[in-house]
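**Student:** the amino acid sequence is not available; the structure is as follows:
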């Protein structure tokens, strides 16, 4: 059955501990939510299962129900006597008067407990979340922020108050837009207001916030109150901006790579056409002339055929040398056979032999050739080759050094010279091999 608990007890002139008992089978069961009940004498015999009555040695009982302001039962007030009542009507009248006051006090205490519990729950939510909770009374202009706003925004409720506190912290570039959105939401029939904007923080910087508020309207539809939360999205916005920047850089690198690939193809095409093509054409002429001379038995013609054969062999040797240079430019054999360190040393040695530069190479890193991806290896070689070529052609330098260092995750290539240099702000670096 239903169990009830006393909230106050007074026995034989002193305050007693509260007790809990089953409501069924007691005189209190007839009182709760009903009307006053009086038992002048013999109450234990009428309710033999009521243990508290036996414990108190009760003989008489009078009880009155307690109601809240909404006329709903909230408890009861009872007087239990060890002897029969002498003046029942007087006791009943007095109890009913006290019941009215007791009902009001009990309801107040219940409301206080509910409010205290609600405030405690709200406080814990406000402390647990990073969101800033707010409440704005549109009519009066009163504005409230949750306690964490003081730390986040440098807000002092004793020196600042009202709606203008929020307005003054909006970013100047966002203020007009956000206030227009707010005005349209209040003037319409909308129930929600949402906006994203920058807001000044305690250190003077601006964070990004997503604001969402519920609009409360009166019976005429006029907005009278707004309650909502400011959600900090600064990290998300900055992460997105970083991703966007990385994407743009990737796009730029992709376009640069396509340009480099196109330039390399054009260079290779010109080299094959201008150098190898000319050699093949000359070789063909010599072979045709040799065939004609060999068909003639004239000793002079045979001698000329011999000379053309010698020249054709020399052309063939030069043709092979040119082809080897083209192949080496695509992927040097020394890079394929020995690795990056030896390839750099061979390349720099070749640059030094074809110029007046004093060159040096330094490669540092554990097990460099075994751990490096072939694509990265080729890219590093290409960059060093292009930079070294630029130094030899344009820098008017005396010395050139190439330094490559590597660890488990990074490779660093540094090419230095003592030449005239260039102004990176006034010179185009496109196509110079240094992107």
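**Tutor:** That came in fine, so what should we check first? Treat the numbers as computed from the prediction; the structure is a model and nothing was measured.

**Student:** so after the lowest-mean-pLDDT helix or strand in the chain, what's the next helix or strand?
**Tutor:** When the helices and strands of the chain are scored by mean pLDDT, DSSP states H and E, helix 368-371 comes last with a mean of 59. Proceeding C-terminally, helix 368-371 gives way to helix 374-390 as the next helix or strand, assigned by DSSP states H and E.

**Student:** next one: that following helix to chain centre, how far?
**Tutor:** 37 Å (CA atoms, centre = their mean, to the nearest Å).

**Student:** what packs against it?
**Tutor:** Where contact means 3 or more CB pairs under 8 Å, 6 or more residues apart in numbering; DSSP states H and E, helix 374-390 is packed against helix 333-337, helix 340-353, strand 399-406, strand 411-417. Using the backbone N, CA and C atoms, a C-beta is placed for each residue, glycine as well.

**Student:** how many neighbours does residue 43 have?
**Tutor:** Counted by other CB atoms under 10 Å, the residues lying close to residue 43 total 22.

**Student:** that one reaches residue 53, doesn't it?
**Tutor:** Yes. Using CB atoms under 8 Å, residue 43 is in contact with residue 53, at 6.1 Å.

**Student:** what do these two both touch?
**Tutor:** 27, 61, 80 (CB atoms under 8 Å, 6 or more residues apart in numbering).

**Student:** identify the residues contacting the first one.
**Tutor:** For residue 27, the set of contacting residues under the criterion of CB under 8 Å, 6+ apart consists of 37, 39, 43, 46, 47, 50, 53, 61, 63, 78.

**Student:** I'd like the distance between it and residue 208.
**Tutor:** Noted for residue 27: a distance of 66 Å to residue 208, by CB to CB, to the nearest Å.

**Student:** need the three-state assignment for residue 152.
**Tutor:** helix (DSSP: H, G, I helix; E, B strand; the rest coil).

**Student:** give me every residue that touches it.
**Tutor:** 132, 201, 202, 232.

**Student:** doesn't residue 17 fall inside a helix?
**Tutor:** No. The assignment for residue 17, made by three-state DSSP, is coil rather than a helix.

**Student:** what is the neighbour count of the nearest residue to residue 417 once chain neighbours are set aside?
**Tutor:** The shortest distance from residue 417 to any non-neighbouring residue, by CB to CB, 6 or more residues apart in numbering, is to residue 397 (3.9 Å). If you count neighbours by other CB under 10 Å, residue 397 ends up with 18.

**Student:** same check on the one 4 residues further on?
**Tutor:** Residue 401 is flanked by 17 other residues according to other CB under 10 Å.

**Student:** for residue 48, same thing?
**Tutor:** Counted with other CB under 10 Å, residue 48 comes out at 10.

**Student:** please report how far it lies from residue 54.
**Tutor:** Residue 48 is 9 Å from residue 54, by CB to CB.

**Student:** kindly report the same for residue 100.
**Tutor:** 31 Å.

**Student:** wait, what's in contact with the residue nearest to residue 417?
**Tutor:** Here residue 397 is in contact with 357, 391, 417, 418, 419, 420 (CB under 8 Å, 6+ apart).

**Student:** let's have the residues you listed in JSON lines, adding distance to residue 228.
**Tutor:** JSON lines is the format used below for the contacts of residue 397 (distance: CB to CB, whole Å):
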{"residue": "357", "distance to residue 228": "70"}
{"residue": "391", "distance to residue 228": "63"}
{"residue": "417", "distance to residue 228": "63"}
{"residue": "418", "distance to residue 228": "65"}
{"residue": "419", "distance to residue 228": "64"}
{"residue": "420", "distance to residue 228": "64"}
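
**Student:** if any of those residues are buried, put those into a PyMOL selection.
**Tutor:** Remark: buried members of the contacts of residue 397, expressed as a PyMOL selection using 16 or more other CB atoms under 10 Å:
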select buried, resi 357+391+417+419
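
**Student:** looking at the contacts of residue 397, which one is closest to residue 19?
**Tutor:** Closest approach between those and residue 19, by CB to CB: residue 417, at 97.3 Å.

**Student:** residues touching the closest one, list them.
**Tutor:** Counting by CB under 8 Å, 6+ apart, residue 417 has contacts 357, 391, 395, 397, 399, 400, 401.

**Student:** contact partners for residue 154?
**Tutor:** Neighbours of residue 154 in contact, by CB under 8 Å, 6+ apart: 201, 202, 203.

**Student:** now do 7 Å
**Tutor:** residue 202 (CB atoms under 7 Å, 6 or more residues apart in numbering).

**Student:** separation between it and residue 235?
**Tutor:** In terms of CB to CB, residue 154 sits 20 Å off from residue 235.

**Student:** likewise residue 105?
**Tutor:** Distance from residue 105 to residue 235, by CB to CB: 51 Å.

**Student:** ok so, going back, now, of the contacts of residue 152, which are buried?
**Tutor:** For the contacts of residue 152, buried by 16+ other CB under 10 Å: 132, 201, 232.

**Student:** need the pLDDT of the last one.
**Tutor:** So that's residue 232. Note on residue 232: pLDDT of 89.

**Student:** next: residue 294.
**Tutor:** pLDDT, residue 294: 67.

**Student:** what does residue 281 give?
**Tutor:** On the pLDDT scale, residue 281 gets 74.

**Student:** which one's more surrounded, residue 105 and residue 235?
**Tutor:** A direct count of neighbours by other CB under 10 Å for residue 105 and residue 235 places residue 105 higher, at 13 against 10.

**Student:** that one is in what secondary structure piece?
**Tutor:** Short version: residue 105 belongs to helix 88-128, going by DSSP H and E.
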